[in-house]
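# One predicted model, sequence on top.
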Amino acid sequence: MDQITNIITTTAMSIFVILTGVVVKALKDYLLIRGGKKAVQVVEILAKNVVNATEQVAGALDIHGKDKLNHAKVSLIEALSSHNIHLSDDEMNTFIEAAVKRANDEWKK
């Protein structure tokens, strides 16, 4: 009788461990997908803030054109690193250009 109980207990624990692993994997995948969406939102907000800040200090720093872009990139890299987000140079350019376009559209109103 003890052997049957032992076998049933061991089998139940094995099944429980397997099910727990499956649930943890599914939860992790869900959080990564959800975290990816939040990361994009964070990048958009930070890019907008960096563009606005760069525009405000451009006159004082006497920077124009590509210098403003480089200043915005450096600021964005610093802001993203505090959120543990890393982007390629092309991705940063895309977010900065989108923020500049939005800012220009808003300023024209």
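That came through fine. What you see is a predicted model, and the numbers here were worked out from it, not measured in a lab.
# For M92, which three-state class applies?
Reducing the assignment to helix, strand or coil with DSSP: H, G, I helix; E, B strand; the rest coil, the entry for M92 is helix.
# Touching, it and L76? I think so.
Yes: taking CB atoms under 8 Å as the definition, M92 is a contact partner of L76 at 5.9 Å. The C-beta positions use only the backbone N, C-alpha and C, and glycine is treated the same way.
# Pick out whichever of the two has more residues nearby.
Between M92 and L76, counting by other CB atoms under 10 Å, L76 is the more crowded of the two (23 against 20).
# List the residues that contact A99.
Counting by CB atoms under 8 Å, 6 or more residues apart in numbering, A99 makes contact with E44, A47, K48, V50, V51.
# what sits against the residue nearest to the spatial centre of the chain?
The geometric centre of the chain, computed from its C-alpha atoms, lies nearest to A39 (CA atoms, centre = their mean), at 2.2 Å. For A39, the contacting residues are H83, I85, by CB under 8 Å, 6+ apart.
# tell me which element it is part of?
Element membership of A39, judged by DSSP states H and E, is helix 2-61.
# Many thanks, I have nothing further to ask.
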